[in-house]
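Asker: predicted model and sequence below, questions to follow.
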Amino acid sequence: MAFSFGLTTSSETKSNTDAISMLSSPATSSETKSTIGPPTLTFTSAAPAVTKSDRNKPKKVTVPQFSLGADLSFLLENEWRKMEWSKEVREKLMESVRTFKPASEAVTEARVLLIGPVGAGKSSFISSVQSVFSGRVINRAMVGSSSSISFTKKLRSYNIRGAGEDADEPTALVLCDVMGVGEGESTGLTLHDALSVIKGHAPEGHQFSPEQPISAETVGFVKKPGTNNKVHCVVFVIDGSKVGSYAKSFGATFQQLREHISNLGVHQVAVLTHVDQVCNTTRSDITMVYRSKAIQQAMVKAGELLGMATSYIVPVKNYCSELDLDENTDVLLLKAVDHILQYVNLYFQDNSS
């Protein structure tokens, strides 16, 4: 199913159709004497005269491709989620992450696992969050191109640093990166291995291979994982610019995975990446993210793909080509982290007995 965000509202569809009809309507009698033949939306230097039989033939019209968010008509009058954008909000959110402590005395760190299709932006999200606390754009987790092959091959846990005056002081947040999910279990992270990581059996640095699933024979296998070894929240990372073109198999894979994760008592949320590629207005002004119809529709699509209510999904813009931080981009990233940490604490509250 191809999906390039060529969606329009009913009123927009009508206006587009009317515009095309005007371009493709037959010439008037005065124009017919010196005009071109069967009308299309392509320019020609010359064309045969229009005959009676030609007029009876259905006209071929080249319909232009429209991108969601191409102009201001795709903006809502009001934000559909309330957001505050300021330096003060940024500092408040940063302090919230710096001082975060898991709601359990048994653990000192909150382990959050990022799962998503190859190229969705899992590693970029980790690096972007770390960039906010480092005060400059850095690539903490190595990032590949958005190809069909996962750049990340191993389980890597990244402790977000910058808790105090010392930029290297760790916070209590650990973001875990794994191999991307492929269209089939032979091309990416398997359901078995994903659950093994969540249960805490997978050793740090384990290299994933569909042909060699994690087992008791795996080097470093954790036989009796404690709460510190387990994952406390799972974040699904979905590329907003591709959410409508993912293979149908992804939906079945994610929903099956979500069912198994839920049975383990682990809460799940999602982040929608690349929102700047979904909406042109948001690309130039990230504060428009919750006024964009295109992004709102992309989040609905992500919810359908995951079998998840949109209240669990938050949009983000990762740092990809930038060399300098942007205050509003930081706010959006930090708001996503704050959203994740709320569900981390729900895990500890649910397992406090």
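Answerer: Arrived safely.
Asker: which stretch of helix or strand covers the residue lying closest to residue 110 once chain neighbours are set aside?
Answerer: Computed as Cβ to Cβ, 6 or more residues apart in numbering, the closest residue to residue 110 that is not its neighbour in sequence is residue 344, at 4.4 Å. Every C-beta, even on glycine, is put in place using the N, C-alpha and C of the backbone. Counting by DSSP states H and E, the secondary-structure element that holds residue 344 is helix 327-350.
Asker: in that helix, what counts as buried?
Answerer: Neighbour-count burial for helix 327-350, counted by 16 or more other Cβ atoms under 10 Å, picks out 328-337, 339-341, 343-348.
Asker: need the helices for the protein, in chain order.
Answerer: For the chain, helices defined by DSSP state H occupy the ranges 10-24, 29-32, 52-56, 87-98, 122-134, 191-199, 248-263, 280-284, 293-306, 327-350.
Asker: got any ranges where the stretch 251-353 of the chain has weak pLDDT?
Answerer: Under the criterion of pLDDT under 70, the regions of the stretch 251-353 of the chain flagged as low confidence span 353.
Asker: the stretch 51-200 of the chain now?
Answerer: Per-residue confidence for the stretch 51-200 of the chain (pLDDT under 70) gives these ranges: 51-73, 140-152, 164-166, 184-186.
Asker: repeat that for 90
Answerer: The stretch 51-200 of the chain contains residues with pLDDT under 90 at 51-74, 103-106, 118-119, 139-153, 162-169, 181-188.
Asker: count of neighbours near residue 257?
Answerer: The local packing of residue 257 (other Cβ atoms under 10 Å) involves 21 other residues.
Asker: isn't it up against residue 189?
Answerer: No. Contact between residue 257 and residue 189 fails when scored by Cβ atoms under 8 Å: they sit 9.4 Å apart.
Asker: and for these two, which residues touch both?
Answerer: Shared contacts of residue 257 and residue 189 (Cβ atoms under 8 Å, 6 or more residues apart in numbering): residue 115.
Asker: quick revisit: among the helices of the chain, which is the most enclosed?
Answerer: helix 122-134 (a mean of 25; mean count of other Cβ atoms under 10 Å).
Asker: which elements pack onto it?
Answerer: The helices and strands touching helix 122-134, judged by 3 or more Cβ pairs under 8 Å, 6 or more residues apart in numbering; DSSP states H and E, are helix 87-98, strand 110-115, strand 156-161, strand 170-177, strand 267-273, helix 327-350.
Asker: got CSV for the ones you listed, with distance to residue 293 too?
Answerer: What follows is those, written out as CSV (distance: least, Cβ to Cβ, whole Å):
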stretch, distance to residue 293
helix 87-98, 25
strand 110-115, 27
strand 156-161, 33
strand 170-177, 31
strand 267-273, 14
helix 327-350, 18
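Asker: out of the ones you listed, flag the one nearest residue 132.
Answerer: helix 327-350 (4.8 Å; Cβ to Cβ).
Asker: and stretch 108-123, which residues are buried?
Answerer: Counting neighbours by 16+ other Cβ under 10 Å, one finds that the buried residues in stretch 108-123 are 109-123.
Asker: of those residues, which is the nearest to residue 202?
Answerer: residue 113 (10.2 Å).
Asker: verify the stated contact: the closest one with residue 230.
Answerer: No. When contacts are counted by Cβ under 8 Å, residue 113 is not listed as touching residue 230 (9.7 Å).
Asker: shared neighbours, the two?
Answerer: If you check residue 113 and residue 230 against Cβ under 8 Å, 6+ apart, the residues they both contact are residue 198.
Asker: may I have the distance across stretch 114-122, first residue to last?
Answerer: In terms of Cα to Cα, to the nearest Å, the two terminal residues of stretch 114-122 are separated by 6 Å.
Asker: return the distance of that stretch from the chain's centre.
Answerer: With Cα atoms, centre = their mean, to the nearest Å as the basis, stretch 114-122 stands 8 Å off its chain's centre.
Asker: next one: stretch 223-240
Answerer: The offset between the C-alpha centroid of stretch 223-240 and the centroid of the whole chain comes to 18 Å, using Cα atoms, centre = their mean.
Asker: got it, and stretch 236-250?
Answerer: The offset between the C-alpha centroid of stretch 236-250 and the centroid of the whole chain comes to 8 Å, using Cα atoms, centre = their mean.
Asker: check which residues of that stretch are buried.
Answerer: Residues of stretch 236-250 classed as buried: 236, 237, 238, 239, 240, 241, 242, 243, 244, 246, 250 (neighbour count, 16+ other Cβ under 10 Å).
Asker: alpha carbons of it, as CSV, please.
Answerer: What follows is stretch 236-250 as a C-alpha-only set of coordinates in CSV (Å, rounded to 0.1, in the frame of the first residue of the first chain):
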residue,chain,number,x,y,z
PHE,A,236,7.8,2.2,19.7
VAL,A,237,9.6,4.5,17.3
ILE,A,238,7.6,5.2,14.0
ASP,A,239,8.8,7.3,11.1
GLY,A,240,6.0,9.8,10.5
SER,A,241,7.0,10.3,6.8
LYS,A,242,6.5,6.6,6.2
VAL,A,243,3.8,5.6,8.5
GLY,A,244,1.2,5.0,5.7
SER,A,245,3.6,3.0,3.5
TYR,A,246,4.8,0.4,6.0
ALA,A,247,4.1,-3.2,4.9
LYS,A,248,1.0,-4.7,6.4
SER,A,249,3.2,-7.3,8.1
PHE,A,250,4.5,-4.5,10.4
